[in-house]
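Undergrad: structure for the following, please:
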Amino acid sequence: MTHGANWQSERGAAPPQQVQLADDRMNADTAYGLACQGVALLWRGDFQNARQLLNALGSRADRNRADRHRRVPPRHAATWAAAAATTIPEAFHRERQARAQRARTLSALLIELDADYRSALRRAPDVSAACSEAFGAAHGPLVLSLRELLGVIGAHEWRVRGIELPAVNLRIHAHYGVFAPLRHEYVELVAQAPLPAALAEHNMAFDIGTGTGVLAAVLARRGVGQVLATDLQPRALACARDNIERLGLTQQVTVQQADLYPGGQAALIVCNPPWLPARASSALERAVYDPDSSMLLGFLSGLAEHLVPGGEGWLILSDLAEHLGLRSREQLLAAFDAAGLQVLERIDTRPTHPRASDTSDPLSAARMAEVTSLWRLEVKG
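TA: Residues are numbered from 1 along each chain as shown. Predicted coordinates:
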């Protein structure tokens, strides 16, 4: 009997060419060997055992990666200074490659869901609500990686609980596929920076690339009369509208689909673009990686045109890309100059997230040096 199902992959992976049935009798070593060979495993056993197997695959992938690092000979001390300039960028690219390989290996463990997003596996949770939020209405049975399904479940739990931002007295509910404001420091920068005087006469602000709508909500709570929040992605638009409604800010904040700027001008224009100029490997990474700094440069190039006289553009940007060798401070300042902008003030803060102090992270040197800044920009006089 032939049985078909739709293939679901948020990161755009192609359907596997080889699929083997697997159940509780398969041990982790066998599963890992098959996954490394590109063989996908369609699970037919207990759901909770599948989760344990996934954890075991992850442990083996991490152990093999650590073994490879130990086999790399150390650099000679005399060549360290000359090599230091490229060490961190190389580490960044190796880290991304390793993470991509790990993701491919772990994504080999597959789960089937029926047309109602339900699993027939023993001890399987009800994931119908989580999948409906993430993927919309079902169109027949589907197969997806267990790793992706667990991400969908986790996103649903975040969406229900929300993320508490005590410094700005907000709770934000992030939808699946929308960047969550887990790093509070950039939100606090927007909450504390002095508002431009031009708002007194032109009480309008734009939030470019609004995502969850958190920065638009902060501006509205600070007394900005009208905030126009834009985004291009349907998930982000739905998420921002949901949060603005939950917070009772619909009279002040309008969410609109746009590729960066809406029409008109504002006294304050805020943008928190992806911080790293590198290619995103999936739709979920687009909030972190900005190929060729296209969003950053698009924001800067359009800023002067959309600011009222005396208005300000607030660029929220980490300097992690500089520490990783992906963009220099000179390039950033040159982009300001080319867009006809000058720096009124830069307000800095240090990240407080756990990875900033994790010495086991291959990029720990860059992360510990990272500074997040709010650049107050104005049109050159």
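Undergrad: got the contact list for stretch 155-174?
TA: Stretch 155-174 has contacts (Cβ atoms under 8 Å, 6 or more residues apart in numbering) with 129-130, 133-134, 175-177, 180-182, 184, 187-188, 191, 212-214, 217-218, 221, 239, 242-243, 246-247. Heads up, the C-betas are built off the backbone N, CA and C, glycines and all.
Undergrad: hmm, 7 Å instead?
TA: 129-130, 133-134, 175-176, 180-182, 184, 187-188, 191, 212, 214, 217-218, 221, 239, 242-243, 246-247 (Cβ atoms under 7 Å, 6 or more residues apart in numbering).
Undergrad: quick one: strands adjacent to the strand ranked longest in the chain?
TA: Looking across the chain with DSSP state E, the single longest strand is strand 307-318. Strand 307-318 has the following strand partners under DSSP bridges: strand 266-271 (parallel), strand 372-379 (antiparallel).
Undergrad: on that earlier part again, return the subset of the contacts of stretch 155-174 lying in helices.
TA: Judged by DSSP state H, helices contain the following of these: 129-130, 133-134, 184, 187-188, 191, 214, 217-218, 221, 239, 242-243, 246.
Undergrad: okay, who's weakest in the residues you listed by pLDDT?
TA: Within those, His184 has the lowest pLDDT, namely 88.
Undergrad: now for that one: which residues touch it?
TA: 165, 167.
Undergrad: gap between it and Glu164?
TA: Counting by Cβ to Cβ, to the nearest Å, the gap from His184 to Glu164 is 9 Å.
Undergrad: write a ChimeraX command that selects only the buried members of the contacts of stretch 155-174.
TA: In ChimeraX, a selection of the buried entries from those looks like this (16 or more other Cβ atoms under 10 Å):
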select :130,133,134,175,176,180,181,184,187,188,191,212,214,217,218,239,242,243,246,247
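Undergrad: contacts for the longest strand of the chain?
TA: 186, 189-190, 193, 196-198, 202, 265-272, 275, 303, 344, 370, 372-379.
Undergrad: just name the most buried of the strands paired with strand 307-318.
TA: Stretch with highest mean neighbour count among the strands paired with strand 307-318: strand 266-271 (a mean of 26; mean count of other Cβ atoms under 10 Å).
Undergrad: picking that back up, export the strands paired with strand 307-318 as a markdown table, with columns for mean pLDDT.
TA: Below are those laid out as a markdown table (pLDDT from 0 to 100):
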| stretch | mean pLDDT |
| --- | --- |
| strand 266-271 | 98 |
| strand 372-379 | 97 |
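Undergrad: list the buried ones in the one helix or strand Ala304 maps to?
TA: Using DSSP states H and E, Ala304 maps to helix 294-306. Residues of helix 294-306 classed as buried: 295-300, 302-304, 306 (neighbour count, 16+ other Cβ under 10 Å).
Undergrad: tell me the contacts of Leu113?
TA: By Cβ under 7 Å, 6+ apart, the neighbours of Leu113 are 119, 131, 141-142.
Undergrad: show me what whatever helix or strand comes next after the longest strand of the chain packs onto, helices and strands only.
TA: Going down the chain from strand 307-318, the next helix or strand is helix 320-323, by DSSP H and E. The helices and strands touching helix 320-323, judged by 3 or more Cβ pairs under 7 Å, 6 or more residues apart in numbering; DSSP states H and E, are helix 364-369.
Undergrad: which secondary structure elements does the helix it packs on contact?
TA: helix 320-323.
Undergrad: pull the residues that contact the helix it packs on.
TA: Under Cβ under 7 Å, 6+ apart, the answer for helix 320-323 is 88, 275-277, 327-329, 366, 369-370.
Undergrad: same thing with stretch 337-357?
TA: For stretch 337-357, the surrounding residues in contact (Cβ under 7 Å, 6+ apart) are 182-183, 185, 189, 193, 300-301, 303-304, 312, 336, 361, 367-368, 370-380.
Undergrad: what is the distance between it and the centre of its chain?
TA: 18 Å (Cα atoms, centre = their mean, to the nearest Å).
Undergrad: got it, and stretch 111-119?
TA: The answer for stretch 111-119 is 27 Å, by Cα atoms, centre = their mean.
Undergrad: need the three-state assignment for the nearest residue to Ala22 once chain neighbours are set aside.
TA: Spatially, and ignoring its direct neighbours in sequence, Ala22 is nearest to Leu41 (4.0 Å; Cβ to Cβ, 6 or more residues apart in numbering). Secondary structure for Leu41, judged by DSSP: H, G, I helix; E, B strand; the rest coil, is strand.
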